[in-house]
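Student: Please work out how this folds:
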Amino acid sequence: MPADEDAKSTAQATQILELLWRHALPSKPGARGPKPGLTVDDVVSAGITLADRDGIDKLTIRAVAAELGLRAMSLYTYVPSKDALIVLMVDAVAAADTPIPVDLPVRARMIAIATQIRAELIEHPWLLEVSPWRQVLGPARMRRYERQLAAIDGVGLGDLVMDRAIAVLTDFATGNARLAIAAAGAAAQLSDAQWWEVSGPVLARVMPADEFPLAGRVGTAVGEYYQAPADPDGAFDYGVVTLVDGILADAR
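Tutor: I've put the predicted structure just below:
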């Protein structure tokens, strides 16, 4: 990378980190006069509202500015870019986390880690479109990581395994949340019952039973029991318990 581009990337990364940690940094001296009517927090909140309502694809500096009744160019005095705004939004969402009660059994605390992550993604589906890489550097995400570590500290896992356990719980919750969101979106277009009324007879006609004996038997049992192609909520409940028990077994 050329030196000028490297310097620009470094400056941008520094600016984003300073914005993330703005409440921990000393106030910068400014010109005398009335305080601005908006804050970075206001801009971030408007971005979250827009992304929750319209999706991340509709999130632009111009759209957020319109949400706030501003001109697009004026928003750059608060955030330098859309990418920076998204980083701030991700961290702000994490600030809504509730503490994991320390008096819960460790198994319940570990389940709570995955449950919180899944609930956040279902509430804010646009998070699934944002790369999670390096997002942990914000204050709210760091506090979340600290709480997650505290939830499993002292159970017999080494430091690297503690981090890995949180990563595995996060990945599982993320994958299940993606399925739950897809199921909800599909059901909004066509209910599972209606979908099966259309698909069932066709599958029965085109899928040779002798080629798919297990898939036919298990698939029929699943469809009759769930009245749907699958059960994301039940799969999460089963999977997170199994996963946590496996992690705890590693600690013994």
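Student: doesn't Asp250 make contact with Leu157?
Tutor: Yes. Between Leu157 and Asp250 there is a contact under Cβ atoms under 8 Å: 7.1 Å. Backbone N, C-alpha and C define where each C-beta goes, glycine included.
Student: and those two? which has more neighbours close in?
Tutor: Neighbours per residue (other Cβ atoms under 10 Å) separate Leu157 from Asp250, with Leu157 holding more: 18 against 13.
Student: so which helix or strand takes in that one?
Tutor: Counting by DSSP states H and E, no helix or strand carries Leu157.
Student: and what of Arg178?
Tutor: helix 159-189.
Student: next helix or strand past that helix?
Tutor: helix 192-206.
Student: For the stretch 151-252 of the chain, give me the ranges with low pLDDT.
Tutor: Applying pLDDT under 70 to the stretch 151-252 of the chain flags the ranges 252.
Student: Who are the contact partners of Val49?
Tutor: Just to correct that, residue 49 is Thr rather than Val. By Cβ atoms under 8 Å, 6 or more residues apart in numbering, Thr49 lies in contact with Glu67.
Student: sec struct for it, please.
Tutor: helix (DSSP: H, G, I helix; E, B strand; the rest coil).
Student: mind checking pLDDT for the residue nearest the centre of the chain?
Tutor: Geometric centre of the chain, nearest residue: Leu121, 4.0 Å, by Cα atoms, centre = their mean. pLDDT recorded at Leu121 is 98.
Student: and what of the one 10 residues further on?
Tutor: The predicted local confidence for Ser131 comes out at a pLDDT of 89.
Student: Then the one 5 residues further on?
Tutor: pLDDT, the model's per-residue confidence, is 70 for Val136.
Student: same thing with the one 3 residues further on?
Tutor: Pro139 is assigned a pLDDT of 95 by the prediction.
Student: same check, this time on Gly30
Tutor: 54.
Student: dump the residue contacts of Asn176.
Tutor: So Asn176 contacts 118, 232, 235-236, 239 (Cβ under 8 Å, 6+ apart).
Student: From Ala235, how far out is it?
Tutor: 6 Å (Cβ to Cβ, to the nearest Å).
Student: next one: Pro139
Tutor: 33 Å.
Student: Assign His23 to helix, strand or coil.
Tutor: Following three-state DSSP, the label given to His23 is coil.
Student: Provide the count of other residues in contact range of the nearest residue to it once chain neighbours are set aside.
Tutor: Take His23 and drop its neighbours on the chain: the residue closest to it by Cβ to Cβ, 6 or more residues apart in numbering is Pro139, 7.4 Å away. As a burial measure, Pro139 scores 16 neighbours (other Cβ under 10 Å).
Student: Verify the contact between Pro139 and Leu20 for me.
Tutor: Yes. With contact defined as Cβ under 8 Å, Pro139 and Leu20 form a contacting pair (6.5 Å).
Student: joint contacts of the two?
Tutor: Joint contacts of Pro139 and Leu20 (Cβ under 8 Å, 6+ apart) are Asp91.
Student: I'd like the distance between the residue of the chain most remote from its centre and Ala230.
Tutor: Ranked by distance from the centre of the chain (Cα atoms, centre = their mean), the top residue is Asp210, with 42.0 Å. Applying Cβ to Cβ, the value for Asp210 to Ala230 is 25 Å.
Student: again, but for Ala180
Tutor: Taken as Cβ to Cβ, the span from Ala180 to Ala230 is 10 Å.
Student: and what of Pro139?
Tutor: Distance from Pro139 to Ala230, by Cβ to Cβ: 37 Å.
Student: quick one: low-confidence parts of the stretch 1-150 of the chain?
Tutor: Using pLDDT under 70, the stretch 1-150 of the chain drops low at 1-3, 28-36.
Student: Of the contacts of Asn176, which is the most crowded?
Tutor: Going by other Cβ under 10 Å, Arg118 tops the contacts of Asn176 with 24 neighbours.
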